[in-house]
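Asker: what's the 3D shape of this:
(one chain, ligands or ions: 1)
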Amino acid sequence: MATDATATATAVRYGIIGMGMMGREHLLNLYHLRNENVIVTCIADPHLPSQQLALDLAKSFGWSLQVYSGHKDLLEGGECDVVVVSTPNMTHYQILMDIINHPRPHHVLVEKPLCTSVADCKKVVNAAKTRSDMIVQVGLEYRYMPAVAKLINIVKGGSVGPVKMVAIREHRFPFLVKVNNWNRFNVNTGGTLVEKCCHFFDLMRLFAGSNPVRVMASGAMDVNHRDEVYDGRRPDIIDNAYVIVEFDNGARGVLDLCMFAEGSRNEQEISVVGEIGKGEAFVPESIVRFGTRAAGREGVRTLKAEDDRIKYDGLHHGSSYLEHLNFLYAIRAEGEKVPAVSLQDGLISVAIGVAAQLSIEKHKLVTIDEVMHEYNARDTSNTNDCC
Ligand SMILES: NC(=O)c1ccc[n+]([C@@H]2O[C@H](COP(=O)([O-])OP(=O)(O)OC[C@H]3O[C@@H](n4cnc5c(N)ncnc54)[C@H](O)[C@@H]3O)[C@@H](O)[C@H]2O)c1
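Answerer: Below is the predicted model of the structure:
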């Protein structure tokens, strides 16, 4: 049981399933939210080194944790009201279904991607509809990065006019090494464009203010992981791609992904152009630029993006902190406030990623209808048992 002095009868009690890099990041964020009267009481992870790292971390700030090796025991333990799911992507589906089907309600924050296939996402979305006593939020946290959030405000405030083009460039370092190297294989991640780029497809859809219709992509594994072998298997994940997304309202999005681009000033550069103006966001510089066609180049303003609610920057520029803060408000509002990132948002971000992966594989333009219905109907038999 937790021993922290802030824990009271009214504390919101969290359990975390999966104590790898992100699980410990959630633990740290929740510790920095302790003044909001939250506490982590229990964790689940079958990997002893991950358990130990989490225990050491919790001990360093005076929390003791009940430890389980699996999520079912954690749910049976009755020590938490809220569950954070931060396990490898291919495990999300079964863990979510077990949480949703458990007689005791638990609010859930699930890491992105919601699941690795559209079929599994849809099953989770449908199952959650039967649980009005639970709030489920998807961890598409890039929405909360201060520069991105500021650009969202500018665009949603109408300053660029109706959005026509959204260009997102992510140029960064290769995928990190994960526990048991799960992230080296498409079958575990859903593919690079699902695994990491669901963040960007979510942002594109948000900026476009419309749903995706069709996707065209080109990509490959050209530089990274080529000499890696795991149990005789070579990684099959792509490390660079261009993806074009067309939206229902005529807006277009493009993703430029490169994962061998350590020599970049920014990791993410986002440009949104509307009929009357243009906004840009740069991360980690945390700068936003905004200008209009009428004012021209001289009129472009550069604004620093900051959010003084952030008490812990962590690995993602404070976005995990704000994500938790918003999730907590939704929990405390007891159903009067919907989660900031819904299961439907999670589903559509995966659908765009799946369509992009399929476009690369088949060398063709792929409609969202295809992945939501036809392709996915065929896919179901393969994906249901993946967990
Ligand atoms: N929000 C972000 O930007 C962001 C960044 C990194 C990772 N993620 C997501 O977080 C999740 C975890 O990624 P990570 O980087 O922490 O991976 P990781 O490999 O560092 O940690 C995963 C942990 O989950 C544990 N685990 C595996 N199966 C489990 C099960 N059935 N029950 C309980 N624990 C289990 C592993 O033992 C490991 O300790 C993934 O879905 C990933 O996509 C999100």
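
Asker: Closest residue of the stretch 201-350 of the chain to the ligand?
Answerer: Of all residues in the stretch 201-350 of the chain, residue 316 sits closest to the ligand, at 5.6 Å by Cβ to the nearest ligand atom. All C-beta atoms are positioned from the backbone trio N, CA, C, and that covers glycine.

Asker: do the chain as well
Answerer: For the chain, Cβ to the nearest ligand atom, closest residue to the ligand: residue 20, 1.6 Å.

Asker: wait, that residue sits on residue 178?
Answerer: Yes. The pair residue 20 and residue 178 passes the contact test of Cβ atoms under 8 Å, sitting 6.7 Å apart.

Asker: quick one, which of these two is more surrounded?
Answerer: residue 20 (20 against 15; other Cβ atoms under 10 Å).

Asker: which ones are touching that one?
Answerer: 45, 47, 50, 86-87, 178-179 (Cβ atoms under 8 Å, 6 or more residues apart in numbering).

Asker: Among the residues you listed, which ones are in strands?
Answerer: Among those, the subset assigned to strands under DSSP state E is empty.

Asker: of those residues, list those near the ligand.
Answerer: Near the ligand, judged by Cβ under 6 Å from any ligand atom, the entries from the contacts of residue 20 are 45, 47, 50, 86-87, 178-179.

Asker: want to try CSV for those, with pLDDT as columns?
Answerer: Listed next are the ones next to the ligand among the contacts of residue 20 as CSV, based on pLDDT from 0 to 100:
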residue, pLDDT
45, 98
47, 98
50, 98
86, 98
87, 98
178, 98
179, 98
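
Asker: Which of those are buried? Put it as a ChimeraX command.
Answerer: The following ChimeraX line selects those of the ones next to the ligand among the contacts of residue 20 that are buried, judged by 16 or more other Cβ atoms under 10 Å:
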select :45,50,86,87,179
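
Asker: which of the ones next to the ligand among the contacts of residue 20 lies closest to residue 209?
Answerer: Nearest to residue 209 among these: residue 86, at 30.0 Å, using Cβ to Cβ.

Asker: Can you name the residues bridging to residue 42?
Answerer: residue 15, residue 66 (DSSP bridges).

Asker: That one: how many residues sit nearby?
Answerer: Considering only other Cβ under 10 Å, residue 42 is surrounded by 23 other residues.

Asker: and the gap between it and residue 317?
Answerer: Distance, residue 42 to residue 317, by Cβ to Cβ, to the nearest Å: 28 Å.

Asker: got it, and residue 227?
Answerer: Per Cβ to Cβ, residue 227 is found 32 Å from residue 317.

Asker: neighbour count winner among those two?
Answerer: residue 317 (24 against 7).

Asker: The longest helix along the chain: what's the following helix or strand?
Answerer: Determined from DSSP state H, the single longest helix within the chain is helix 343-362. Using DSSP states H and E, the helix or strand that follows helix 343-362 in sequence is strand 366-367.

Asker: That next one pairs with which strands?
Answerer: Here, using DSSP bridges, strand 366-367 pairs with strand 212-220 (antiparallel).

Asker: What lies in contact with the partner strand?
Answerer: By Cβ under 8 Å, 6+ apart, strand 212-220 touches 192-193, 201, 204-205, 238-248, 257, 348, 351-352, 355-357, 359-360, 365-368.

Asker: sorry, back to before: do the longest helix of the chain and the ligand meet at all?
Answerer: No. Judged by Cβ under 6 Å from any ligand atom, helix 343-362 stays clear of the ligand, getting no closer than 11.5 Å.
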